[in-house]
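[1] structural data only, the sequence is not supplied:
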């Protein structure tokens with residue numbers, strides 16, 4: 001089973017701050033003891049910064065929790081609210097225990113927030129449930145922080161056939177903090193030719209002859225990364241078939257495996273889906289076409305000529321399917337749980353469904369990496385009734401809860 005290395009690393013650390021509000025009517029020593037007991041129950045291994053009553057740096061961490069420790073804290077919270085709002089952290093999370101009227105005060109505070117049109121939520125329950133909920137919230141908050149300020153390079157315009165895959169750049173900037181830079185596709189060819197490689201190299205004598213050119217495209221994209229300082233890219237890759245007699249499949253596969261989300265055909269909504277899923281799960285997504293659907297069984301065949309090199313358990317290099325030239329990738333995707341995901345170009349719609357990857361296959365009349373994923377019949381019919389464009393992202397593992405949490409924000 002494929003294990004996302006970045007996700008495993010992320011679980012070892014959390015970026016959480018806990019601030020406290022306490023009524024002066026309560027005994028300070030007793031409250032401190034209850035606080036230690038309560039926080040140890042939620043965080044037995046630590047993993048948070050205890051800020052106490054000092055709100056001067058509120059918002060500095062990815063997730064900022066306000067622990068309402070006692071009843072009578074409502075007025076203090078109201079006085080602190082302008083500063084809390086100025087941090088622009090989004091929803092306000094009120095952490096509560098079952099002691100010292102903590103919950104009662106939190107309910108009054110949340111009611112006040114709702115009256116003011118301010119989003120908030122009370123975090124309350126046993127240690128295990130709170131720990132799981134807070135871990136998800138921290139992952140979502142850290143993902144948003146990581147996305148904010150990132151830069152997408154749109155190298156060439158989206159392919160002409162992506163007629164339903166437009167992007168609302170203003171909405172993406174507003175909701176995710178992601179910026180765009182347009183790069184002429186000709187710059188790939190220029191960087192490629194600067195390296196001394198021939199644009200006329202074909203794979204007439206086998207895939208090995210096409211490898212230098214495929215790697216040359218990868219090197220050209222790295223040079224553009226230095227120039228434009230992008231965090232992710234989408235490439236109008238089919239133009240390279242004529243200009244460089246090669247494909248971007250290998251270049252995009254390498255970039256994705258190195259933590260740089262990269263989508264094919266200039267598909268920006270697909271790239272946004274890859275970026276979101278990567279920062280949330282630590283897993284690299286597989287951009288693919290639904291090629292065959294059985295609505296009775298829910299089985300869907302997804303296929304594409306590139307796949308991130310860190311996903312397959314084995315790789316065979318082939319030609320690019322449509323053109324028969326260049327380097328395509330036939331990867332064997334590990335069987336097991338997967339999530340199928342896609343957001344629209346204005347971020348107003350999303351599809352996500354958990355399923356099982358049943359098997360890999362190879363047919364010479366399809367793109368080279370081919371996987372069969374089982375969803376429910378209703379989820380499979382989505383592709384035939386109300387799809388969000390053609391390409392969808394297949395992510396190793398089940399991640400519906402995280403995706404749902406992120407999209408609700």
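    On my side now, so go ahead. Remember, it's a predicted structure, so these values are computed and weren't measured experimentally.

[2] tell me where the model's unsure across this structure.
    Under the criterion pLDDT under 70, the flagged ranges of the chain are 1-13, 197-206.

[3] where along it do the helices fall?
    With DSSP state H, the ranges of helices along the chain come out as 5-10, 28-42, 74-86, 102-115, 127-147, 169-176, 186-194, 207-228, 239-243, 249-257, 268-281, 377-385, 400-408.

[4] and the nearest residue to residue 402 once chain neighbours are set aside, what is it in contact with?
    Leaving aside its sequence neighbours, residue 402 sits nearest to residue 280 (CB to CB, 6 or more residues apart in numbering; 4.9 Å). For every residue, glycine as well, the C-beta is placed using N, CA and C. Residues counted as contacts of residue 280 (CB atoms under 8 Å, 6 or more residues apart in numbering) are 139-140, 143, 399, 402-403, 406.

[5] what count of nearby residues applies to residue 60?
    For residue 60, the neighbour count with other CB atoms under 10 Å is 13.

[6] could you measure from the closest residue to it other than its chain neighbours over to residue 51?
    Leaving aside its chain neighbours, residue 60 sits nearest to residue 17 (6.8 Å; criterion: CB to CB, 6+ apart). Using CB to CB, to the nearest Å, residue 17 is found at 5 Å from residue 51.

[7] do the same with residue 83
    Counting by CB to CB, the gap from residue 83 to residue 51 is 13 Å.

[8] and those two? which has more neighbours close in?
    Taking neighbours as other CB under 10 Å, residue 83 and residue 51 compare with residue 51 leading, 20 against 12.

[9] domain map for the protein?
    According to automatic domain parsing, the chain comprises the domains 5-147, 151-408.

[10] doesn't residue 66 make contact with the residue nearest to residue 60?
    No: using CB atoms under 8 Å as the test, residue 17 is too far from residue 66 to be in contact (9.6 Å).

[11] deepest-packed of the domains of the chain, please.
    With neighbours defined as mean count of other CB atoms under 10 Å, the domains of the chain peak in mean count at domain 151-408, which reaches a mean of 19.

[12] where does that domain sit relative to the chain's centre, distance-wise?
    14 Å (CA atoms, centre = their mean, to the nearest Å).

[13] what is the biggest strand by length in the chain packed up against?
    Scanning the chain for the strand with the most residues, using DSSP state E, yields strand 350-361. Packing contacts for strand 350-361, counted by 3 or more CB pairs under 8 Å, 6 or more residues apart in numbering; DSSP states H and E, involve strand 336-343, strand 369-374, helix 377-385, helix 400-408.

[14] dump those into TSV; add distance to residue 326 as well.
    What follows is the helices and strands packed on strand 350-361, written out as TSV (distance: least, CB to CB, whole Å):
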stretch	distance to residue 326
strand 336-343	26
strand 369-374	15
helix 377-385	28
helix 400-408	33
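
[15] quick one: closest of the ones you listed to residue 178.
    Closest approach to residue 178 among the helices and strands packed on strand 350-361 is made by strand 336-343 (11.9 Å; CB to CB).

[16] now do the closest one: which elements does it pack against?
    Checking 3+ CB pairs under 8 Å, 6+ apart, strand 336-343 ends up next to helix 268-281, strand 350-361, strand 392-396, helix 400-408.

[17] could you find the closest non-adjacent residue to residue 147?
    residue 176 (5.0 Å).

[18] likewise for residue 390?
    Here the residue nearest residue 390, using CB to CB, 6+ apart, is residue 289, at 5.9 Å.

[19] picking that back up, quick one, which of the helices and strands packed on strand 336-343 is nearest to residue 186?
    helix 268-281 (19.7 Å).

[20] what angle do that closest one and helix 249-257 make?
    For helix 268-281 against helix 249-257, the angle by axes from the mean of the first three to the mean of the last three CA atoms, to 10 degrees is 30 degrees.

[21] does residue 102 touch residue 74 like I think?
    No: using CB under 8 Å, residue 102 makes no contact with residue 74, being 11.6 Å away.

[22] circling back: among the helices of the chain, which is nearest residue 301?
    Across those, closest to residue 301 is helix 377-385 (CB to CB), at 11.0 Å.

[23] what is the closest one packed up against?
    With contacts defined as 3+ CB pairs under 8 Å, 6+ apart, the packing partners of helix 377-385 are strand 286-294, strand 299-304, strand 350-361.

[24] what does the longest one contact?
    Surrounding strand 350-361, the residues in contact under the criterion CB under 8 Å, 6+ apart are 298-299, 301, 332-344, 370-376, 379, 382, 387-388, 392, 394, 398-400, 403-404, 407.

[25] dihedrals phi and psi, residue 230?
    phi -90, psi 150 (degrees, to the nearest 10).

[26] identify the residue spatially nearest to it, adjacent ones excluded.
    Closest residue in space to residue 230, ignoring its immediate chain neighbours: residue 153 at 3.7 Å, by CB to CB, 6+ apart.

[27] if we can go back for a sec, could the helices and strands packed on helix 377-385 be laid out in JSON lines, adding distance to residue 122?
    Output for the helices and strands packed on helix 377-385, formatted as JSON lines (distance: least, CB to CB, whole Å):
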{"stretch": "strand 286-294", "distance to residue 122": "38"}
{"stretch": "strand 299-304", "distance to residue 122": "40"}
{"stretch": "strand 350-361", "distance to residue 122": "26"}
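
[28] of all these, which one is nearest residue 328?
    The nearest among the helices and strands packed on helix 377-385, by CB to CB, is strand 299-304 at 8.9 Å.

[29] in its sheet, what does that closest one sit against?
    strand 286-294 (antiparallel), strand 369-374 (antiparallel) (DSSP bridges).

[30] what angle sits between it and strand 392-396?
    Using the same axes, to 10 degrees, strand 299-304 lies at 100 degrees relative to strand 392-396.

[31] tell me the angle of strand 299-304 relative to helix 377-385?
    Strand 299-304 runs at 50 degrees relative to helix 377-385, counting by the same axes, to 10 degrees.

[32] what's the closest of the helices and strands packed on strand 350-361 to residue 270?
    Closest approach to residue 270 among those (CB to CB): strand 336-343, 7.2 Å.
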